[in-house]
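**Student:** With the sequence up front, the predicted model follows.
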Amino acid sequence: MEMSPGQFLLARVDDVVRWAQSSSVWPLTMGLACCAIEMMTATSAEYDIARLGSEVFRPSPRQADLMIVSGRVSQKMAPVVKRLYDQMADPKWVISMGACASSGGVFDNYAIVQGVDTVVPVDVYVPGCPPTPDGLLYAVNLIQQQIREGGRGGLLARA
Amino acid sequence: MTFSTTPLSPELVSQNGNVMVLSMGPQHPSTHGVLQIMLEIEGENVVKAEPEIGYLHTGIEKSAENLFWSQAQTVVERMDYLAPLSNALCYVLGVERLLGVADAIPERARQVRVLFAELTRIASHCVWLGTHGIDLGALSVFFYCFDLRENILDLQEATGGARMHPNYFRIGGLNGDLPDGFTERLDALIAKFPGRMKELRTLLVGNPIVQDRTIGVGALSREDALAWNVTGPSLRASGIAYDVRKAFPYCGYENYRFDVPARSEGDAYARFLVRLDEMDESMRIVEQVRKALRPGPVMTDDTKIFQPPKETIALSMEALIHHFKIVSEGFRVPPGDVYQAVEGPRGELAFYIVSDGGNRPYRIRTRPPSMYNLQALKGLAPGNLIADLVVMIGSLDPVFGEVDR
């Protein structure tokens, strides 16, 4: 982008669209376990996820761009997670927040899905048990970077 | 990947005449977690509400059976994720009683345990109040509450290194003494607390919208509360001042002066006021502990259950052996069983722990207060609006990590 002398802003459509898209990544309101509390904390005054344009948590998957899988996914919840992901409109992204969502964490047993990436495609993994809200903010940053660079999933994604 | 259960449709399930069957949850902003309620509704009125739980079943009790006694604490802490230190306290007290070292715990460790049990209660009530406020349409309460909670999490982080699950309590004492500068930060919190509570009360108590939404909603009678096995603030709001800290004191609670707030109305507003008063009482205990804190050891000197100090390992053969044994195979607990209850933020939290004499728990059965409290919803909901159902869930304050385990 460059500013012309006559107060024009010249830019490529691709860049503007990607900039707009990356600046309003709206997450889905889906809290699962401990990490959900840290996800809520990320919206609080101390961390203020609104700085990244992601404070609009939408309860309806139709209006959400980003699914934050915040916590352990049980065998009973996995089909619901899959269904919610399918209901989200393209383009959509997934953050796997915390050890349990990423790999099953300390719960290597019959009840927990060993990594939510066996159910939905994951873009960014956040380590921690639970990760700090800063960790989640960084993950949202990485998603934004992916969109701006035309990575997987964006409206103008490069193949 | 195949799944054994077929989930019910999150949308309309069926319709029969005027009665519609609707599934609320498991992904719903007002069910405070992964609760699904099968609602039979006539217009806006609830005819029947059937809670469906298990969406967060984690197999914690089973996982604990495959871990050493000290490792099992890790998974137990993740049960009630709003008050992990209450769970940890209950577990370590139970195991210490089985080991027969309950009387050998240093005074300072007992005081610090009480300190954090009460701080975690305040933090848990902060999350409850913030989310309950959102349910009622008062968004700004959330920011005030989470600011206060942040101060408490900072203290937890200073002790254990993690914000939410610090794993700071250990069987036999604590994992190290309080860090430098801790008491100053605690003093700052104690000084800040009354002002913040005053703000919250000004915002909410006497607020006509809050009163309209909560007074008379979800009234739980004394008899029903007992019949449904409700404990904690929800029971005390129904007129029964039962508190495990008073009835069966543990960890030195008998040494502290505090009141048990109780009311008789039993509705959502009463539960709301009781929890607010509890936060003040918890801070009263924190102040007393702060005054009583004296330097001293924080770990029992029984090296059979706790690693000997690092500096002795290079000097003493015996210390080296104890260290090796504890790290490689844990410690053994004499056969027996014990029922240990504590007053968690949601009610009587208890573990029934069985040992067969091995280095792993034979069985850990939990009494999760949220689960018993949530049962009452079935009786409360019929005849009310869906909007009131949301208030009822919020005022019962369930945590699904604990309900489903």
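**Tutor:** Thanks, I have the structure now.
**Student:** Show me which residues of chain A sit near chain B.
**Tutor:** Proximity of chain A to chain B, by CB under 8 Å from any CB of the partner chain, involves residues A:28-34, A:36-38, A:40-41, A:44-46, A:57, A:59, A:71-72, A:74-80, A:83-84, A:106-112, A:118-119, A:129-130, A:132. Heads up, the C-betas are built off the backbone N, CA and C, glycines and all.
**Student:** where do the helices sit along chain A?
**Tutor:** Shown for chain A, the helices assigned by DSSP state H span residues A:13-22, A:34-43, A:78-87, A:98-103, A:133-148.
**Student:** Tell me the helices and strands packed up against the first one.
**Tutor:** In terms of contact count using 3 or more CB pairs under 8 Å, 6 or more residues apart in numbering or on different chains; DSSP states H and E, helix A:13-22 is assigned the packing partners helix A:133-148.
**Student:** would you put the C-alpha positions of the helix it packs on in PDB?
**Tutor:** What follows is the C-alpha trace of helix A:133-148 in PDB, where atoms were taken according to Å, rounded to 0.1, in the frame of the first residue of the first chain:
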ATOM      1  CA  PRO A 133      -4.200 -16.000  28.000                       C
ATOM      2  CA  ASP A 134      -1.000 -14.500  26.500                       C
ATOM      3  CA  GLY A 135      -0.500 -17.900  24.800                       C
ATOM      4  CA  LEU A 136      -4.000 -17.700  23.300                       C
ATOM      5  CA  LEU A 137      -3.400 -14.100  22.100                       C
ATOM      6  CA  TYR A 138      -0.200 -15.200  20.400                       C
ATOM      7  CA  ALA A 139      -2.200 -18.100  18.700                       C
ATOM      8  CA  VAL A 140      -4.700 -15.600  17.400                       C
ATOM      9  CA  ASN A 141      -1.800 -13.500  16.100                       C
ATOM     10  CA  LEU A 142      -0.500 -16.500  14.200                       C
ATOM     11  CA  ILE A 143      -3.900 -17.100  12.700                       C
ATOM     12  CA  GLN A 144      -4.000 -13.400  11.600                       C
ATOM     13  CA  GLN A 145      -0.500 -13.800  10.100                       C
ATOM     14  CA  GLN A 146      -1.600 -16.900   8.200                       C
ATOM     15  CA  ILE A 147      -4.600 -15.000   6.700                       C
ATOM     16  CA  ARG A 148      -2.400 -12.000   5.800                       C
END
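**Student:** what's in contact with it?
**Tutor:** Outside helix A:133-148, the residues that touch it by CB atoms under 8 Å, 6 or more residues apart in numbering or on different chains are A:18-19, A:21-23, A:25, A:38-39, A:41-42, A:44, A:46-47, A:49, A:52, A:54, A:66, A:68, A:93, A:95, A:97, A:123-124, A:126-128, A:151-154.
**Student:** How about stretch B:226-240?
**Tutor:** The contact list for stretch B:226-240, computed with CB under 8 Å, 6+ apart, reads B:220-222, B:224-225, B:242-243, B:260-267, B:270-271, B:273-275, B:278, B:343-348, B:369, B:372-373, B:375-376, B:379, B:395-397.
**Student:** I'd like the average pLDDT over that stretch.
**Tutor:** Model confidence over stretch B:226-240 averages 91 on the pLDDT scale.
**Student:** Tell me which residues are up against the helix or strand hosting B:V391.
**Tutor:** If you go by DSSP states H and E, B:V391 is part of helix B:386-396. Judged by CB under 8 Å, 6+ apart, the contacts made with helix B:386-396 from elsewhere in the structure are B:24, B:30-32, B:35, B:37, B:39, B:41, B:44, B:46, B:49, B:128, B:131-132, B:135-136, B:213-214, B:217-218, B:234, B:268, B:271-272, B:370, B:373-374, B:376-377, B:380-381, B:384.
**Student:** And the residue nearest the centre of chain B, how far from B:I105?
**Tutor:** For chain B, the residue whose C-alpha lies nearest the mean C-alpha position (CA atoms, centre = their mean) is B:A83; its distance is 4.0 Å. B:A83 sits 21 Å away from B:I105 when distances are taken as CB to CB, to the nearest Å.
**Student:** give me the low-pLDDT residue ranges for the chain?
**Tutor:** Picking chain A for this. Along chain A, segments meeting pLDDT under 70 span A:1-4, A:151-159.
**Student:** The intended chain is chain B.
**Tutor:** Flagging of chain B using pLDDT under 70 yields the residue ranges B:1-16.
**Student:** in it, which spans are strands?
**Tutor:** Using DSSP state E, the strands of chain B run over B:12-16, B:19-24, B:36-42, B:45-52, B:169-170, B:173-174, B:336-344, B:347-355, B:363-367.
**Student:** How far away from the center of its chain is the fifth one?
**Tutor:** By that I understand strand B:169-170. Per CA atoms, centre = their mean, to the nearest Å, the displacement of strand B:169-170 from the mean C-alpha position of its chain is 16 Å.
**Student:** now do the last one
**Tutor:** Using CA atoms, centre = their mean, the distance from the centre of strand B:363-367 to the centre of the chain it belongs to is 15 Å.
**Student:** check whether that strand contacts chain A.
**Tutor:** No. Contact check for strand B:363-367 against chain A, using CB under 8 Å from any CB: none in range, with a minimum separation of 13.9 Å.
**Student:** Emit the ChimeraX select command for whichever of the residues of chain A next to chain B are buried.
**Tutor:** In ChimeraX, a selection of the buried entries from these looks like this (16 or more other CB atoms under 10 Å in any protein chain shown):
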select /A:28,29,30,31,32,33,34,36,37,38,40,41,44,46,57,71,72,74,75,76,77,78,79,80,84,106,107,111,112,119,129,130,132
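**Student:** In strands, which of the residues of chain A next to chain B fall?
**Tutor:** Among these, no member falls in strands (DSSP E).
**Student:** hang on, the earlier thing: in CSV, list the helices of chain A along with distance to B:E402.
**Tutor:** Written out in CSV, the entries for the helices of chain A read as follows (distance: least, CB to CB, whole Å):
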stretch, distance to B:E402
helix A:13-22, 38
helix A:34-43, 11
helix A:78-87, 20
helix A:98-103, 16
helix A:133-148, 23
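**Student:** Near chain A, which residues of the stretch 1-150 of chain B are found?
**Tutor:** Applying the criterion CB under 8 Å from any CB, the portion of the stretch 1-150 of chain B that neighbours chain A consists of B:1, B:3-7, B:10, B:26-29, B:33-34, B:54-60, B:62-63, B:74-75, B:78, B:81-82, B:127, B:130-131, B:142-143, B:146-147, B:149-150.
**Student:** which of the contacts of helix A:133-148 count as buried?
**Tutor:** Among these, those classed as buried by 16+ other CB under 10 Å are A:18, A:21-22, A:25, A:38-39, A:41-42, A:44, A:46-47, A:49, A:52, A:54, A:66, A:68, A:93, A:95, A:97, A:123-124, A:126, A:128, A:151, A:153-154.
**Student:** Any idea how many residues pack against A:I147?
**Tutor:** Burial measure for A:I147: 27 neighbouring residues, criterion other CB atoms under 10 Å in any protein chain shown.
**Student:** whoops, B:K378 was the one
**Tutor:** By other CB under 10 Å, the residues close to B:K378 number 14.
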